[in-house]
Each structure stands twice: as C-alpha cells, then as structure tokens.
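In: Sequence first, predicted coordinates after that:
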Amino acid sequence: MFSENQLSQSDRLNKNNFDEWQFLIGNILKSKKIFTYAKEDVIGSVRAKVENSKKKNGGVAEKIVLMELEDAEAQDALAASIISTNVSRECLEHIKTLDTA
C-alpha cells in the first residue's frame, strides 16, 4: 500500500484485478467505518428520515435528523473519495455514474 487511504499504482482498480482491489479497498473502508456507504444507499435512507421528520413537525425537520444527514453526506463523500482515488482513469468514468460510493 502507498498510504493509509491510497493504494500503489499497481494495486489500483483496472480491468484485470477487481477481486484483489475489492479486498484491499474494502479493508480501507472498514478501517474508517464507512464500508456501508459503498454497499448501500445510506444517504437515501437518511433523506427519507428527514422527510418523515418534516411530515411530523409541520414541514420542519428535527435538528438531530438534519445533523445525521450532514454526517452521512460527509462519510459518503469520504468513501467516494477513497474509492475514486484508487481506480484507473478508465474505471473512474463508470464509477462516476453510480448512486452509492
């Protein structure tokens, strides 16, 4: 490995090394406690909580739910950043179109 969050050039995702890359990147994300953000649409779930909170509170979401959304967006961005900096340019174009990190 190159650094805490970045793989060496030869370990970055390309057309031939998905299984190895998935193992390495999965461990990085798990160590940061953000692996779920790569597997599930966490943001969508939290946004649904915000909408439910608004319905219960006359159109205004509870502060704690808004804070949860803000934290989830930050964690999702971190997961996306780690993934996107550990892939080849050819793979990056495909990844940019996905909904989850």
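Out: The structure has been received and is ready for your questions. Quick caveat, the model's predicted, so the values are computed rather than measured.
In: What pLDDT is listed against C91?
Out: pLDDT recorded at C91 is 88.
In: can you count the residues close to it?
Out: Neighbourhood size, C91 [other C-beta atoms under 10 Å]: 18. From N, CA and C alone the C-beta is placed, and that goes for glycine too.
In: quick one: it and N17 touch, right?
Out: No: because the distance of 10.3 Å does not satisfy C-beta atoms under 8 Å, C91 is recorded as not touching N17.
In: residues contacting the nearest residue to N14 once chain neighbours are set aside?
Out: Using C-beta to C-beta, 6 or more residues apart in numbering and skipping the chain neighbours, the partner closest in space to N14 is S88 (4.6 Å). When contacts are counted by C-beta atoms under 8 Å, 6 or more residues apart in numbering, S88 touches 12-14.
In: Can you say which helix or strand has T36 in it?
Out: The secondary structure element spanning T36 is helix 35-39 (assigned by DSSP states H and E).
In: which residues touch the lowest-mean-pLDDT helix or strand in the chain?
Out: Counting by mean pLDDT, DSSP states H and E, the chain has its least confident helix or strand at helix 89-95, which shows a mean of 83. Helix 89-95 is contacted by residues 13-15, 83-84, 87 when judged by C-beta under 8 Å, 6+ apart.
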